[in-house]
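[1] Turn this into a model:
(2 chains)
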Protein chains: 2
Amino acid sequence: MSVSDWLLGKRLSTIEEEQQEIGPLAGIPVLGLDALSSAAYGPEAALTVLIPLGAAGIGFIGPLSAVIVAVLLIVFASYRQTIAAYPGGGGSYTVAKENLGTNFGLLSGAALALDYVLNVAVGISAGVGALVSAVPALLPHTLALCLATLAVVTLVNLRGVRESGAAFMLPTYSFVVALGAVVVIGIAKIIVSGGHPVPLAVPPPLAAATHTAGIWILLRAFANGCTAMTGVEAVSNGVPLFRKPRVPLAQRTLGAIIAILVLFLAGIALLSRAYRIGATAPGQTGYQSVLSILVGAVAGRGPFYYLTMASIGIVLALSANTSFADFPRLCRVLAEDGFLPDIFAVRGRRLVFTQGIMSLALFSGALLLGFGGLTDRLIPLFAIGALLAFTLSQAGMVQHWRRRRGPRVGRSTAINAVGAVATGLTLLVVAVSKFTEGAWLILAVIPALTLFFRRVNGHYQRIASQVATIDPLEIPGAQNPLVVVPAGSWNKMTQHALRFALRLSPNVRVVHVKTEADTVEDLLSDNWELLVGSRARAEGIAQPKLVILTSEYRRFYKPFVDYVLKLEIDNPGRDVVVVIPDVILSHWYEGLLHNNRGAFLRSLLRSRGGPRLVVVDVPFRIND
Amino acid sequence: MSVSDWLLGKRLSTIEEEQQEIGPLAGIPVLGLDALSSAAYGPEAALTVLIPLGAAGIGFIGPLSAVIVAVLLIVFASYRQTIAAYPGGGGSYTVAKENLGTNFGLLSGAALALDYVLNVAVGISAGVGALVSAVPALLPHTLALCLATLAVVTLVNLRGVRESGAAFMLPTYSFVVALGAVVVIGIAKIIVSGGHPVPLAVPPPLAAATHTAGIWILLRAFANGCTAMTGVEAVSNGVPLFRKPRVPLAQRTLGAIIAILVLFLAGIALLSRAYRIGATAPGQTGYQSVLSILVGAVAGRGPFYYLTMASIGIVLALSANTSFADFPRLCRVLAEDGFLPDIFAVRGRRLVFTQGIMSLALFSGALLLGFGGLTDRLIPLFAIGALLAFTLSQAGMVQHWRRRRGPRVGRSTAINAVGAVATGLTLLVVAVSKFTEGAWLILAVIPALTLFFRRVNGHYQRIASQVATIDPLEIPGAQNPLVVVPAGSWNKMTQHALRFALRLSPNVRVVHVKTEADTVEDLLSDNWELLVGSRARAEGIAQPKLVILTSEYRRFYKPFVDYVLKLEIDNPGRDVVVVIPDVILSHWYEGLLHNNRGAFLRSLLRSRGGPRLVVVDVPFRIND
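    Sure thing, here's the model as predicted:
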């Protein structure tokens, strides 16, 4: 068993594809972690903005969460339709491109790609942050822990889709059960206590109000809260991962994800109001996450508290996994349409798109490195990409329905139109309220990425137009090529190359470049008749010619390449073939002892030669 | 004028060699800086060991210097003979190899090579140290200044031998005149004052004695003082640099260098005794170099003091230049004998051995980086290599004379024998007294380097034995090669490659690897008759065969390479030629958009194929 088999799993045959397909139980860990984990930072991000309002701020979390939940439900209804309409995978890119045109498709693809990269960095960093705040001794190792988590998630994903579903199932469902239990128990206590439950662990007192509520602060709180919506598009993008019947299974999975998320968001809003829990200022002493305060208040600081907090940390770190399932698929469709390099469309040993996984790991690893593993400043930003993609996707669906006729088309159009307007308005709010906090950067990167896709496509189209043909083969004429063999001296390599050259053409030149006052040229000239001439005559074939080039400046390449290029120019219509003897050594380090003239000469001829210049490597193997 | 012409000078023709030759005036800067500059650290290094003896220590500097001068004069007499006996360049390597055998030659070459590298690092670091102690504001930039100096010295040397002689002449002679004036004026003052001169700037008081003199402390002082002897071998190594008549000019140059050095060493010993100047502890507050104290005492702290100190600093930094003149020549002879890669024997655009210069810059730059520009701990060590080379060289000369007959052979033998014994004893003293201070490392590296030379030589000999032949050419038999063309689809590249393939042989296979469920294979199969078959029939040539390989695991390379290797094995005695269509793009970065299958396939076939597998690159150029 090789190391790569052990690390990455046995290579899978293409016909084993079906065994890699998943159902809703595995679908939630594979495609839902991004959406579910956002319950852990969305409400907190909204409450943080409300800190200056003091106790009054908590009053707003209910209405804000209600709006977010409403938008979420609209998005759910909308994406349910997308899944049915695009069973082959209805990512925003596909839907927008097919209905709104390539430009909107690329815009949407760029937005999502950026969102996926940010999600990996932010998720891992948040998860490690939770771990580190529980075990402060690990604080100096934050970056190392982030990169190690990234490595594990990458590796699991390289092993294939089923593997990641299986590996992440236990932490996902622990999280759902634990946080679900907190919400249910908390609500029960609220009802039993008549709306005034007694916290088991007393929450920190709310800060004194320094501002009064205004529309701007509420908009910013809403914008922050919208990060809870990211990750919802993952299922519609990943429909082909499901086993048959794909559409209902995917819809059911999306429904389950949304239901859990709504339960969490509504529960957190209710509990924080009843228990009077607000955010504490991040990065300052006494900071504690909202969920930590809330779990403590409902369930006390016993073993259950630690279990719940651990599952939150793990799920945050693993929320990166959704990006790993979807980003490579997005790159694949972009590559298939010629907007990214071909290699993104090639499936690796475990039937996943290796290149996309590796690129995602690389980009998000660079982000983690660049921010030293502390990416909390990025959290409010990464909803922008998702919301832009949502809006374009749903606008595309509206267009999709307008092209059809049928009984229920009007209703479908209405659902998607409401979705598009809702997410579009939300996008507008987030972009404006976050503009100076970094949203401008996102809004600059997305068009740049779109332009990049366009440029890549231009390159491929230029090549395709130059390469494409439906003409049949032209059989070569009778004219033989001119063959040139560079020779340092008379040895077996020269012999070997010359023998091959004579097979190509009767018109062969052996070229020796005299770089210093050497005597090799004399040896070659004096013995040419004996070594080559007499033999050729005996066999009745044309004589190979010996050419000596003198290099005044001790250069080998320039005189030789000049000679070959001149030959090509002087003989229009004829191929010029350079036969290079290629020494093949047993060990790579032995290459350091050689000037590698062959390789260098090949690349020179390749870059400077014309279309009729062909290079032939004749191997000569040196044994140990 | 190109950038490289401006930076490195116009390329020199081989016949311009004579114009690059030098006389004694340029010979001293080119070959003598190492020897002369050691006057600046040799006596100081000896006095530093004597600090614990207090005032009594100064009494020993006279006798110690006398012994060192005596050994120097013996070495001079000895090397004068070497120059006459080896007008083609009598480096220790050459002399030891020819007279004592290859092993001693390599040992000596390794010792000198190490010495040269250390000399560059130590010289530059000492010179920059002098500058920095004069202008303390530059202290944080020590490493940067060292590397900048290294870059300048490297560049000047790449411009050629004459250039370095001319560039370094002014600083060298300023140093000689200034320090010479100090010595002469100081001695005059001693005589005038009856042995008790009054210092113009009062030297720091001598430390109280904490030890009494013992043999061990005196031996260590002597060992340190011997660093003053390094660099003396440079002239005998560089005889071919001189214009004709070479031998007397080289001998005169060596004589001048030794005379100046002896004047400096004797003068410094006399003056430090008369003015009661001892070393101050390096690296501690109040540190001042011995020469700084001495120049101040003799000439006061006026402009002359600063001029003299500046010239000392510059000459120390430029002492690296001697290594740059000799190290490349040493590498060249080692390369010509097959103990180093060929490239070291190739002369660059300015007739110098570029590779040797670059290697020296690289190794010494690495030392400077590794030690952060502070290499004073290396100073006592680098005499070991020089002394080992001296001893072997002179022992070689003894053997040289023993093989001759003649009137003055007895006297010559005696001179070299005395030299060998003197430097051999000195080496022993240095190696033992410095063993624990790092000499063990030098004594470990030198044999390792010798072993490396041996291994390189073994490699070249193995290749030579496999490549050498004096057999005439065998004309190839009538059997045509089997030609394989990989094809992704039918396009101009495939057309182009197939056309070339048909010129090689009537036996051509076009191989398509089916990696996913694609339809290319059907297009190729269905239209093969139309695209290729009918055309071949019309021209009356053999039909190229279409081969479809199915890849269960979506791999392209493995099925293709396996197919080709099997073809080679199944057809013993026949060449197998793979014709690879090679896309040539206008910009390197466009390469990132392509899988570069051609290049990868070529390297796979190259490493896995047998001796009859030939690879042909047929270019296909994409225009902008």
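[2] helices or strands up against the host helix or strand of residue A:72?
    Using DSSP states H and E, residue A:72 falls within helix A:55-85. With contacts defined as 3 or more C-beta pairs under 8 Å, 6 or more residues apart in numbering or on different chains; DSSP states H and E, the packing partners of helix A:55-85 are helix A:42-50, helix A:215-225, helix A:234-237, helix A:246-274, helix A:383-402, helix A:409-433. C-beta here means a position set from N, CA and C on the backbone, and glycine is covered the same way.
[3] Show me the shaky parts of the stretch 51-200 of chain A.
    For the stretch 51-200 of chain A, applying pLDDT under 70 flags the ranges A:90, A:161-162.
[4] which stretches of it form helices?
    Taking DSSP state H, counting those that start in this stretch as the test, the helices found in the stretch 51-200 of chain A are A:55-85, A:92-100, A:102-134, A:142-158, A:161-192.
[5] of the ones you listed, which approaches residue B:572 most closely?
    The closest of those to residue B:572 is helix A:142-158. By C-beta to C-beta, the value is 41.8 Å.
[6] Report the distance from that closest one to the chain centre.
    Relative to the chain's own centre, helix A:142-158 is displaced by 15 Å; criterion: C-alpha atoms, centre = their mean, to the nearest Å.
[7] Only C-alpha atoms, please: export it in CSV.
    C-alpha atoms of helix A:142-158 as CSV (Å, rounded to 0.1, in the frame of the first residue of the first chain):
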residue,chain,number,x,y,z
THR,A,142,-3.5,30.0,16.9
LEU,A,143,-2.1,30.2,13.4
ALA,A,144,-0.6,26.7,13.5
LEU,A,145,-3.9,25.3,14.7
CYS,A,146,-5.7,27.1,11.9
LEU,A,147,-3.4,25.7,9.3
ALA,A,148,-3.5,22.2,10.8
THR,A,149,-7.3,22.3,10.7
LEU,A,150,-7.2,23.4,7.1
ALA,A,151,-4.8,20.6,6.2
VAL,A,152,-7.2,18.0,7.8
VAL,A,153,-10.3,19.4,6.1
THR,A,154,-8.4,19.4,2.8
LEU,A,155,-7.2,15.9,3.2
VAL,A,156,-10.6,14.5,4.1
ASN,A,157,-12.0,16.2,1.0
LEU,A,158,-9.3,14.8,-1.2
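[8] Remind me what that helix packs against, helices and strands.
    Contacts defined by 3+ C-beta pairs under 8 Å, 6+ apart place helix A:142-158 against helix A:3-8, helix A:102-134, helix A:161-192, helix A:303-318, helix A:320-336, helix A:354-370.
[9] switch to 6 Å and redo it
    helix A:102-134, helix A:161-192, helix A:320-336, helix A:354-370 (3 or more C-beta pairs under 6 Å, 6 or more residues apart in numbering or on different chains; DSSP states H and E).
[10] I'd like the ones you listed as JSON lines, with mean neighbour count and distance to residue B:403 appended.
    Shown next, in JSON lines, are the helices and strands packed on helix A:142-158 (neighbours: other C-beta atoms under 10 Å in any protein chain shown; distance: least, C-beta to C-beta, whole Å):
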{"stretch": "helix A:102-134", "mean neighbour count": "25", "distance to residue B:403": "76"}
{"stretch": "helix A:161-192", "mean neighbour count": "19", "distance to residue B:403": "77"}
{"stretch": "helix A:320-336", "mean neighbour count": "25", "distance to residue B:403": "76"}
{"stretch": "helix A:354-370", "mean neighbour count": "20", "distance to residue B:403": "67"}
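[11] between those helices, which one is nearest to residue A:611?
    helix A:320-336 (28.9 Å).
[12] got the angle for the closest one vs helix A:303-318?
    Angle of helix A:320-336 versus helix A:303-318, following axes from the mean of the first three to the mean of the last three C-alpha atoms, to 10 degrees, is 10 degrees.
[13] quick one: is helix A:320-336 near chain B?
    No. For helix A:320-336 and chain B, the contact criterion (C-beta under 6 Å from any C-beta of the partner chain) is not met; the two come no nearer than 10.2 Å.
[14] Indicate which one of the helices and strands packed on helix A:142-158 is closest to residue B:228.
    Closest of these to residue B:228 is helix A:354-370, at 51.1 Å (criterion: C-beta to C-beta).
[15] what's the closest of the helices of the stretch 51-200 of chain A to residue A:249?
    Among the helices of the stretch 51-200 of chain A, helix A:55-85 sits nearest to residue A:249 (C-beta to C-beta), with 9.7 Å.
[16] Tell me which of the helices and strands packed on helix A:55-85 sits nearest to residue B:152.
    When the helices and strands packed on helix A:55-85 are compared by C-beta to C-beta, helix A:383-402 sits nearest residue B:152, at 51.4 Å.
[17] Residues of the stretch 451-600 of chain A that sit close to chain B?
    Neighbours of chain B within the stretch 451-600 of chain A, by C-beta under 6 Å from any C-beta: A:459, A:463, A:466-469, A:472-473, A:475-476, A:491-493, A:495, A:499, A:502-503, A:531-532, A:535, A:539, A:552-554, A:593, A:595.
[18] So which of the residues you listed belong to helices?
    Among these, the residues falling in helices (DSSP state H) are A:459, A:463, A:466, A:467, A:492, A:493, A:495, A:499, A:502, A:503, A:535, A:539.
[19] pretty sure the second one is touching residue B:620, no?
    No. Here residue A:463 lies out of contact with residue B:620, judged by C-beta atoms under 6 Å, at a distance of 9.7 Å.
[20] Tell me the confidence at residue A:12?
    Looking at residue A:12, its pLDDT reads 66.
[21] how about residue A:324, what does it touch?
    For residue A:324, the contacting residues are residue A:157, by C-beta atoms under 6 Å, 6 or more residues apart in numbering or on different chains.
[22] what does stretch A:80-91 contact?
    With contact meaning C-beta under 6 Å, 6+ apart, stretch A:80-91 is reached by A:236, A:237, A:239, A:240, A:246, A:247, A:250, A:251, A:330, A:397, A:412.
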